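Visitor: What follows is a predicted structure for the sequence shown.
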Amino acid sequence: MNTQMVLQVVMATIGAMGFGLLFHMSGGRLLAITLGGAANWIFYLLGMEVYHDRVIAFFVAALATAVLAEIMARLMKTPVITLLVPMLVPLIPGGDLYYTTLALVQGDMEAFAQYGGMFIREAGAISFGIILVACVVQTAFRLWMLFRERKV
Amino acid sequence: MQQKEQTLFAILDAGELLLTAGAEVARVEDTIRRMAHAYGFVRTDVLTITASMIVTVQAANGDVFTQTRRILRRETDMRRIEAVNALSRTVCRNPLPLDELRGRIEEIRSMPEGSKWRLPAAYLLIAGSFAVFFGGSWRDGIAAMLCSMVLYAVGRVGVRIRLQPIVLTVISAALMCLAALITVKAGLGQGLDYIIIGNIMLLIPGIALVTSLRDMIVGDTISGLLGACEALLRAIAIAAGCALVLMQLGGAG
C-alpha cells in the first residue's frame, strides 16, 4: 500500500462518516458505517490488485461490503439498507458522472460516450454485487425455514 | 370512518413514513402486507412506486377497502426506517390497539431533528474528504469545505421558499461552481475539478441511481425507471448549473 492509497482510505472513511451524519445515524451505528466505509475502499483496492479492472473491482468491493453489512445488520438488529447505503458511498462514481454530464453539455460526444459508458458499468457492477448477496441471503434464509419446518 | 378503514389508514401512514425516509420499495410493500395481515385482513394487494402507494385489503367478513397516497418529498433518514421497522415487528407479534398504533406512528413522524450542527458538519466532512479522495490537494479540500457551506446556505434558503428540487439543484450547482472558481482565483484552491467533484458528491443522486438499478433487477421495474429518470434529470441539472458558470467565467471549464 502506498501513501496515495492510505490517503484514499482515510478520506473514504471520513466521507462515509459524513454520509452517516447526513442520513441521521448516530452512536454505535455511525461508528460501524465509518469503519465500513474504510473496509469498502480497502476491498476495492484489493480487487484492483487482483483483477486490474475498475469494473470488476467495483463489483468485488460491493459484494464484500454487502456481506459485511448483512453480518453487522444482524448483530446490531437494524435493517441492512441503513448500514449498506452509507458504507457504499466511496464507490459512488461521482467523478465519472460529473465528467459525463459536463461532456454532454459541452457537446463532446466522444468523451460523453466514454465516461457515460464507464459510469453505467460501474453503477451496474455495484448494483449487481448488492443483489447477488441479497438473493443468496434470502435463499439461504428460506431454505433454513423449510428445513426447520420439516424437523418440527 | 369505520374502524377497519382507520386501521388501513394508519398502516398506510407507516408505509408513507418508510417511503419518505428512503426505504426500498420492496421493504415498504412487505411492511404494509405484514401489518395488514397482523390486523386480520385476509388479502392485501399493494403497489408502491416512489411517487405513490395503492393498497386494497379484504377483511375477514368480505369488506374491501382501497386507499392511496401520493408521495411528494423524500429525504433519507435512517432513524425513521429503523423505527418503523421496529414498530412493524412489534405489531406482527402483537397487534397494538389502533390508538396506540397511531400514537407510535406520530412519535416517529415528529422525531426531533437533532443537533443543528449535524447537517453543516456532514457537508464539511463530505465535500472536504471527497475533494481529496478524487485526487485533490489538502488546499483543494479546504476550498471544497468553504464551497460546501455555500451549498448548505443555498439549500436552506431554497427549502424555505419551496423551490422546485430541479431548479434548486441548478442554482446550487451554479453558485457552488462560482464559489469554487473564486477560491481558485483567490489562490486557495488548485484543482477546480476536484473542488467541484467533492461538492457534487453532496448533490449527485448516486445512491438514488444505485437503488433504482437494484429495484429494476428485483422486479420493481416502474420504481426503478422513475428513480433512474429522476437521478438522470438531477445529474443534468447539476451539469447545467456548472456549465452555466464555467462557460462564462472559467474558460470553457
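Guide: Noted; the coordinates are in hand. Residues are numbered from 1 along each chain as shown, chains lettered A, B, ... in the order given.
Visitor: so where do the helices sit in the chain?
Guide: If you meant another chain, say so; for now it's chain A. A:3-22, A:27-51, A:54-76, A:80-87, A:94-106, A:109-151 (DSSP state H).
Visitor: right idea, wrong chain: chain B
Guide: B:3-20, B:25-38, B:78-93, B:98-109, B:118-133, B:138-160, B:165-185, B:192-203, B:206-217, B:221-249.
Visitor: Run through chain A and note the low-pLDDT ranges.
Guide: Counting by pLDDT under 70, the low-confidence segments of chain A come to A:1, A:152.
Visitor: What backbone torsions are found at the residue nearest the centre of it?
Guide: Centre of chain A computed as the mean C-alpha position; nearest residue by Cα atoms, centre = their mean is A:L88, 3.0 Å away. Per-residue torsions, A:L88: phi -80, psi -10 (degrees, to the nearest 10).
Visitor: That one and B:R89, how far apart?
Guide: According to Cβ to Cβ, to the nearest Å, A:L88 and B:R89 sit 25 Å apart. Backbone N, C-alpha and C define where each C-beta goes, glycine included.
Visitor: residues contacting the residue nearest to B:T31 when sequence neighbours are not counted?
Guide: Spatially, and ignoring its direct neighbours in sequence, B:T31 is nearest to B:S88 (4.9 Å; Cβ to Cβ, 6 or more residues apart in numbering or on different chains). When contacts are counted by Cβ atoms under 8 Å, 6 or more residues apart in numbering or on different chains, B:S88 touches B:14, B:31, B:34-35.
Visitor: So B:S52 is in contact with B:V46, correct?
Guide: No. B:S52 is not in contact with B:V46 according to Cβ atoms under 8 Å; the separation is 11.3 Å.
Visitor: and the two? which has more neighbours close in?
Guide: Comparing B:S52 with B:V46 by other Cβ atoms under 10 Å in any protein chain shown, the one with more neighbours is B:V46, at 19 against 14.
Visitor: Tell me the bridge partners for the more buried one.
Guide: Per DSSP bridges, the residues bridged to B:V46 are B:V55.
Visitor: where does it sit relative to B:R93, distance-wise?
Guide: Look at B:V46 and B:R93: by Cβ to Cβ, they are 21 Å apart.
Visitor: swap in B:S110?
Guide: Counting by Cβ to Cβ, the gap between B:S110 and B:R93 amounts to 25 Å.
Visitor: Could you list the contact residues of the stretch 101-250 of chain B toward chain A?
Guide: Taking Cβ under 8 Å from any Cβ of the partner chain as the test, the list of the stretch 101-250 of chain B residues beside chain A reads B:114, B:118-119, B:121-126, B:128-130, B:132-134, B:193, B:196-197, B:200-201, B:204, B:206-207, B:209-211, B:213-214, B:217-218, B:235-236, B:238-240, B:242-243.
Visitor: just the buried members of those residues?
Guide: Buried by 16 or more other Cβ atoms under 10 Å in any protein chain shown: B:119, B:122-126, B:128-130, B:132-134, B:193, B:196-197, B:200-201, B:204, B:206-207, B:209-211, B:213-214, B:217-218, B:235-236, B:238-240, B:242-243, out of these.
Visitor: Which single residue of the stretch 51-200 of chain B ends up nearest chain A?
Guide: Here the stretch 51-200 of chain B gets closest to chain A at one residue, B:L125, 3.3 Å apart by Cβ to the nearest Cβ.
Visitor: Enumerate every residue touching that residue.
Guide: B:L125 neighbours (Cβ under 8 Å, 6+ apart): A:14-15, A:17-18, A:21.
Visitor: which of those are buried?
Guide: Buried subset of these (neighbour count, 16+ other Cβ under 10 Å): A:14-15, A:17-18, A:21.
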